[in-house]
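K.L.:
Below are the sequence and a predicted model for it; my questions follow.
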Amino acid sequence: MTFNSLAFLIFAAIFFMLWPLVRRHQQARWVAITVASFIFYGWWDWRFSLLLVANGLVDFYVGLGLERFPRARKMLLVTSITANVLTLAIFKYAGFFLENLNTIWMTVSQAIGIVSAQPIPVVHLVLPIGISFYTFHSMSYIIDVYRGAVKPTRHLFHFFAYLSMFPHLVAGPIIRGADVLPQLEHWHPPTPEGRWEGLRLIAHGFFKKVVVADNIAPIVNAAFLAMHPVASMPYWWVVVSLFAFQIYCDFSGYSDIARGLAKWMGYHFPLNFNHPYTSTSLREFWTRWHISLSTWFRDYVYIPLGGSKHGEWASHRNMALTMLISGFWHGASWLFIIWGALHALYLFVERVTRWPARLLAWPGGRVLALAVVLVQVWVAWVFFRATSLEQAWQIVTTMFSVHAWRMVPIEGMTTFAIAVIVVMALRELYEFFAPRMLEQRMHAAIASNRVTTRFLPVFEPIVLTGMLVACVFLRGPGSVFIYFQF
């Protein structure tokens, strides 16, 4: 079940009609959240729910065991992490490893003259939706219990309400037990401001997904699915820019909807995106893009590897390993590994040269730093979206070729699509250049009665209504959220 489907709208309407009947009773709301979330998750294929139950039961009882059997704490921790990683390895990475092992085997066989060598059978399992997210939710809970950062819950439905809560279940944000388990235990009714903030987040999220991302998607798909990459530099800079905004609006749109639904339920999820395309360094980019994932890798991979405790070069090594693992988490493909490696390289160069600080000291340096970051991110996005290494390399070389200046029409590019991307680009430019200045002017205008306080409460409902109307009449071809495949 996807947020942008009629089935979900019916599901959400029923859930929020029944929610007031159970939300004030602790165990009743845990059961209600769990049952509703399994209906939501099992809508694609009920068999995937069995895997979620199995993973959840292992970590629920491991959590209890960590407190009850202190001498076996390390063994229990290893058991939990092994179970979660093994689940990912089987369903997400088995085919990738077998394909590469097969390539090595056939190459070696030919080299040593084994004529009758047979390829290793490769089986590709169906990837359960959201497996990369809920395994991280579960692992963070166990690691935090082991560290003493959170007490293990003793009620099974309390744990499953945290693990399977439908707003975040299949595509984040990645939440942690220390943040959400106390909220589930001591429920507080949403304030009028919280309900309004929930509506605002949901409206913005749906607008980003169905109006922006879904209208851009056919253009990007046509470009990357073409038989041969178009030999035009401007063409690919435009297409990659379109993809950059497509994935941003698609993923941040999901996070906004998830956070808005949680607000309506009376819960708070952390901010997951904070205008990443206004960053003036790669380090800043990773504090703004998929924040819940980058902080997860920082706390559960980078720091356990040693972080920056053992010197500068050990810190660089740990950072590189973290980014490579992050790339591989996104998908079982060398393209994702290269995407992670590129970001590791960018961050390494940035750390060693400290170029952002040097550039920001120049007149106009902030704009130049922004341009450098966007070029780096755009190049990495090519490997993230490309269908093969060969295609990715052809596109990147074309983007920097002095012999490919010719203009080529972009298939599917409409006036509306251009307007959509221009609006989103202007929105990011606004966040980059003028938010503080405009806010100060607005406050000064209100204080001097040049703008009445009545205007602002009326203006926002008009904007949100316009967004929701656009979601109905200007929506693009329906598609699942990009991060469902991860």
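P.N.:
Good, I have the coordinates. Residues are numbered from 1 along each chain as shown.
K.L.:
When you work out contacts or count neighbours from here on, use the C-alpha atoms and nothing else.
P.N.:
OK.
K.L.:
Can you tell me what sits against stretch 278-285?
P.N.:
Identification of contacts with stretch 278-285 by C-alpha atoms under 8 Å, 6 or more residues apart in numbering yields 276-277, 288, 343, 346-347, 350, 356, 366-367, 369-370, 372-373, 428-429, 431-432.
K.L.:
Pull out the buried positions in that stretch.
P.N.:
If you call a residue buried by 16 or more other C-alpha atoms under 10 Å, then stretch 278-285 has these buried ones: 278-283, 285.
K.L.:
Now do that stretch: distance from first to last residue.
P.N.:
Terminal residues of stretch 278-285 are spaced 8 Å apart (C-alpha to C-alpha, to the nearest Å).
K.L.:
re earlier: may I see the buried residues of stretch 278-285 organised as JSON lines, with pLDDT, distance to residue 140 and secondary structure added?
P.N.:
Listed next are the buried residues of stretch 278-285 as JSON lines, based on pLDDT from 0 to 100; distance: C-alpha to C-alpha, whole Å; DSSP: H, G, I helix; E, B strand; the rest coil:
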{"residue": "278", "pLDDT": "91", "distance to residue 140": "30", "secondary structure": "helix"}
{"residue": "279", "pLDDT": "93", "distance to residue 140": "28", "secondary structure": "coil"}
{"residue": "280", "pLDDT": "92", "distance to residue 140": "30", "secondary structure": "coil"}
{"residue": "281", "pLDDT": "95", "distance to residue 140": "28", "secondary structure": "coil"}
{"residue": "282", "pLDDT": "95", "distance to residue 140": "25", "secondary structure": "helix"}
{"residue": "283", "pLDDT": "94", "distance to residue 140": "23", "secondary structure": "helix"}
{"residue": "285", "pLDDT": "96", "distance to residue 140": "23", "secondary structure": "helix"}
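K.L.:
Pick out the most distant pair among these.
P.N.:
Spatial extent of the buried residues of stretch 278-285 (C-alpha to C-alpha) is set by the pair 278 and 283 at 12.1 Å.
K.L.:
Could you identify the helix or strand that succeeds the lowest-mean-pLDDT helix or strand in the chain?
P.N.:
Using mean pLDDT, DSSP states H and E, the weakest-scoring helix or strand in the chain turns out to be helix 435-447, at a mean of 52. Counting by DSSP states H and E, the next helix or strand C-terminal to helix 435-447 is helix 455-473.
K.L.:
Only C-alpha atoms, please: export that next one in CSV.
P.N.:
The C-alpha trace of helix 455-473 is given here as CSV (Å, rounded to 0.1, in the frame of the first residue of the first chain):
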residue,chain,number,x,y,z
PHE,A,455,-3.2,38.0,6.8
LEU,A,456,-0.8,35.2,7.7
PRO,A,457,-3.3,32.7,9.1
VAL,A,458,-5.5,33.2,6.0
PHE,A,459,-2.7,33.0,3.5
GLU,A,460,-1.3,29.5,4.5
PRO,A,461,-4.7,27.7,4.2
ILE,A,462,-5.1,29.1,0.7
VAL,A,463,-1.6,27.8,-0.3
LEU,A,464,-2.3,24.4,1.2
THR,A,465,-5.7,24.2,-0.5
GLY,A,466,-4.0,25.1,-3.8
MET,A,467,-1.4,22.3,-3.2
LEU,A,468,-4.1,19.7,-2.5
VAL,A,469,-6.1,20.8,-5.6
ALA,A,470,-2.9,20.5,-7.7
CYS,A,471,-2.4,17.0,-6.3
VAL,A,472,-5.7,16.0,-7.8
PHE,A,473,-5.7,17.8,-11.1
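K.L.:
List the buried residues for it?
P.N.:
Neighbour-count burial for helix 455-473, counted by 16+ other C-alpha under 10 Å, picks out 464, 467-468, 471.
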